[in-house]
Each structure stands twice: as C-alpha cells, then as structure tokens.
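Peer 1: My questions are about this predicted structure, shown below with the sequence.
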Amino acid sequence: MFPILHTPRTTLREITEVDADTIFDCFSQKEVIRYYGQEKLTTFQEALHLIDIFAENYRNQKGLRWGIERLDTGELMGTVGFNQWNQKHKRAEIGYELHPKHWGHGYASEAASAVMAYGFDTLQLVRIGAVVFLENKASQHVLEKLGFQQEGVLKNYMCQNGKAHDTFVYSSLPPT
C-alpha cells in the first residue's frame, strides 16, 4: 500500500492518472524543468507515461514519488520523492518540483522534510543525496535549509537540451 504522509499544510499521496492534467501543466513549464535534467512535456500522453514511470519505480522499489496536495484547496502543486532508491546500500536521492505559482511559500521544504523523515525512520536510509544544477539557487537554498551538506561538483553530470551541465552533489545523514 502506497504510504501517505501529512505535513501541516499538505498531504503527500500517490500520483495517479487522475493527476495527469496537473502533472502535464507542471512539467510543461519551462521554468520548472529548466534545471530538472529532462525536456519539458509537450503532450498529455507524456504526462501519463511519467505517472507510469513513478508507479513502476515504486513497484520495483527503485523510487518513491508523492504528489504534494494542498490541504486547504486539495490542489496538486507538484511532486517530491526518492530517485535512485537502493535498498541494499540504504540510500536514495531526493527530488522535488512545484508549479511556479506555488514557489516561495515553503512548500518544497515542508514536503521534502516529511519525505526525509520517512526515508530515515521507515526506510532506514543511511544517506539521502541530492544532485542540483550549479545555477539552481532556489533548490540549493531548500537543501541547505533542510541541513544538507554540499559535497562537491560533478562535472558534466546531467544533460539537458543536448548540453552537459555540472551539478553540485549534496547529502544528508540520519539525525544522531
């Protein structure tokens, strides 16, 4: 059963085909995917395919992606979760994105904090990593606010629009 998480202002829940319009709207925004490492969505079918990828990663225990739903409106704002989930080595990479109309209100930090707690407490992760484009100051701020430490630069680590980009690598370890 897919885990549901709660924060003071959101519910983190499974993403389903019912959310395809919202997923398309979010991932078709140039501002959202600018530092995401993928091209923007151009068709509704691509949104359905992305939802299928999220579901398949969960079934295969390789990833876990929640939809971020506002409590006050029921609106899906974006997604948050783990990529590259490796159970043997007890690590995962966190990722998140929000529709631009929800930027700057602390939703990404709030949702990512709940996901981190789930990762450390329930999944027993010993490391949560993050990979961020050098230019993505907003995401770097979120990670630093959550206590992530910058570990270094990965040269030509992500390709987007046919161009290789350097990224920062961050990590967070369980609270002691």
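Peer 2: Thanks, I have the structure now.

Peer 1: Just the element for the nearest residue to Thr43 once chain neighbours are set aside, please.
Peer 2: Taking Cβ to Cβ, 6 or more residues apart in numbering as the measure, Thr43 lies nearest to Phe24, with 7.9 Å between them; neighbours along the chain are not counted. C-betas here are computed from N, CA, C, even on glycine. Here Phe24, judged by DSSP states H and E, is contained in helix 20-27.

Peer 1: same question, Met158
Peer 2: Here Met158 sits within strand 149-160, counting by DSSP H and E.

Peer 1: Now do whichever helix or strand comes after that strand: everything it contacts.
Peer 2: Per DSSP H and E, strand 149-160 leads on to strand 163-172 as the next helix or strand towards the C-terminus. Identification of contacts with strand 163-172 by Cβ atoms under 8 Å, 6 or more residues apart in numbering yields 37, 116, 127-134, 140, 143, 146-159.

Peer 1: contacting residues around the helix or strand of the chain with the lowest mean pLDDT?
Peer 2: Least confident helix or strand of the chain, by mean pLDDT, DSSP states H and E, is helix 30-33 with a mean of 92. Residues from elsewhere that reach helix 30-33, judged by Cβ under 8 Å, 6+ apart: 26-27, 39-40, 78, 97-100, 160.

Peer 1: ok now it, how far from the chain's centre?
Peer 2: Centroid displacement of helix 30-33 relative to its chain, using Cα atoms, centre = their mean, to the nearest Å, is 14 Å.

Peer 1: Give me the subset of the contacts of helix 30-33 that lies in helices.
Peer 2: 26-27 (DSSP state H).

Peer 1: Quick one, which of the contacts of helix 30-33 are buried?
Peer 2: The neighbour count (16 or more other Cβ atoms under 10 Å) marks 26-27, 40, 78, 97-99 as buried among the contacts of helix 30-33.

Peer 1: Going by distance to Ala55, which of the residues you listed wins?
Peer 2: Closest approach to Ala55 among the buried ones among the contacts of helix 30-33 (Cβ to Cβ): Phe27, at 15.8 Å.

Peer 1: Wait, the closest one touches Leu41, no?
Peer 2: Yes - using Cβ atoms under 8 Å, Phe27 makes contact with Leu41 at a distance of 4.4 Å.
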